[in-house]
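[1] give me coordinates for this.
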Amino acid sequence: MATIELNSGDNLKQAIENAVYDTPLLLEEYCRTTIVLHSQHFVVMPAELMPKANPVFKASFSCLEGELMTCKVKNTDAAIACDVPHGVTAFLKRTFGNPELLHHLAPLIAYCAEAYADDNGCLHININKEKAHIVATLGGKLQFANTYTYRSLDDIIYFALAAFKECRFDSRADRVLITGDNDLRSQLAEQLRQRIAYVMPELMPASTLSALGNDAIKLPFNLVTTAIYS
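    Below is the predicted model of the structure:
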């Protein structure tokens with residue numbers, strides 16, 4: 001997995017084109033291509049509202065800075081509409097032969113909906129050194145999903161507890177499962193256990209290890225959820 005840093009002043013479409021053409025491995029023939037686009041301006045909605053995604057998005061964000069992209073989320077009745085720079089989706093579709101384009105939360109939501117289908121309330125937190133992605137399900141049904149940029153662990157604790165409360169989960173019966181950076185995961189779990197009884201690291205399901213191989217346990221969790229999405 002390669003990370004390409006783009007400065008805020010860059011022409012993002014041009015920067016993405018340059019990054020793709022400078023990395024020949026990306027242009028090889030593959031049986032399936034999935035591209036995950038990270039966008040902070042997004043709306044999670046019922047899939048039935050996808051034809052009305054533009055007014056739904058503008059009800060939350062007054063200005064559409066680029067162009068609207070929508071994706072249906074597997075294993076759910078949800079869809080995501082997000083703002084991406086002009087020309088980016090057309091370039092990606094043209095270059096990679098109409099790949100599957102996903103908002104960054106779609107694989108995690110799909111994973112949670114399937115993995116926790118038989119569970120009561122589950123709040124999943126995937127945390128790295130800059131952002132935390134929080135998804136809540138009840139019996140596999142999506143209740144909440146958002147991405148947060150944070151300054152300290154206290155911010156994530158606040159967001160997690162607020163989501164837990166908003167979903168009306170029971171602190172004595174429902175669970176919080178955490179993936180991501182090992183050190184941050186341990187610190188976050190220790191703090192949340194003071195308020196919620198069942199807080200634990202998420203273990204890689206046996207079915208996932210079977211599909212991707214045992215080395216999958218070494219991969220970033222967001223890469224695993226993307227790999228098993230389709």
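
[2] pLDDT below threshold where in this structure?
    Low-confidence segments of the chain (pLDDT under 70): 1-10.

[3] would you map out the domains in it?
    12-104, 116-201 (automatic domain parsing).

[4] winner for burial among these?
    Burial of these is given as mean neighbour count (mean count of other C-beta atoms under 10 Å); domain 116-201 ranks first at a mean of 17. Every C-beta, even on glycine, is put in place using the N, C-alpha and C of the backbone.

[5] ok, residues contacting the helix or strand that contains residue 83?
    Residue 83 belongs to strand 78-84 when assigned by DSSP states H and E. Strand 78-84 is contacted from outside by 37, 39, 41-47, 49-50, 53-54, 56-57, 61, 64-73, 103, 105-106, 109, 142, 145, using C-beta atoms under 8 Å, 6 or more residues apart in numbering.

[6] which residues in this structure form helices?
    Secondary structure of the chain by DSSP state H: the helices cover 12-21, 53-60, 88-96, 106-115, 153-166, 182-192, 206-212, 221-227.

[7] packing partners of the fourth one?
    Under the contact criterion of 3 or more C-beta pairs under 8 Å, 6 or more residues apart in numbering; DSSP states H and E, helix 106-115 touches strand 121-127, strand 131-138, strand 141-149, helix 221-227.

[8] how about a cut-off of 6 Å?
    Secondary-structure packing of helix 106-115 (3 or more C-beta pairs under 6 Å, 6 or more residues apart in numbering; DSSP states H and E): strand 131-138, helix 221-227.

[9] returning to what we had before: name every strand pairing with the strand holding residue 83 and say which way it goes.
    Its sheet considered, strand 78-84 pairs with strand 42-46 (antiparallel), strand 67-72 (antiparallel) by DSSP bridges.

[10] run the chain-centre distance for it.
    Its chain's average C-alpha position is 12 Å from that of strand 78-84, according to C-alpha atoms, centre = their mean, to the nearest Å.

[11] so who does the residue nearest in space to the middle of the chain touch?
    The centroid of the chain falls nearest to residue 105 when counting by C-alpha atoms, centre = their mean (2.1 Å). Residue 105 makes contacts with residue 145, as judged by C-beta atoms under 6 Å, 6 or more residues apart in numbering.

[12] and it, how far from residue 131?
    Distance, residue 105 to residue 131, using C-beta to C-beta, to the nearest Å: 11 Å.
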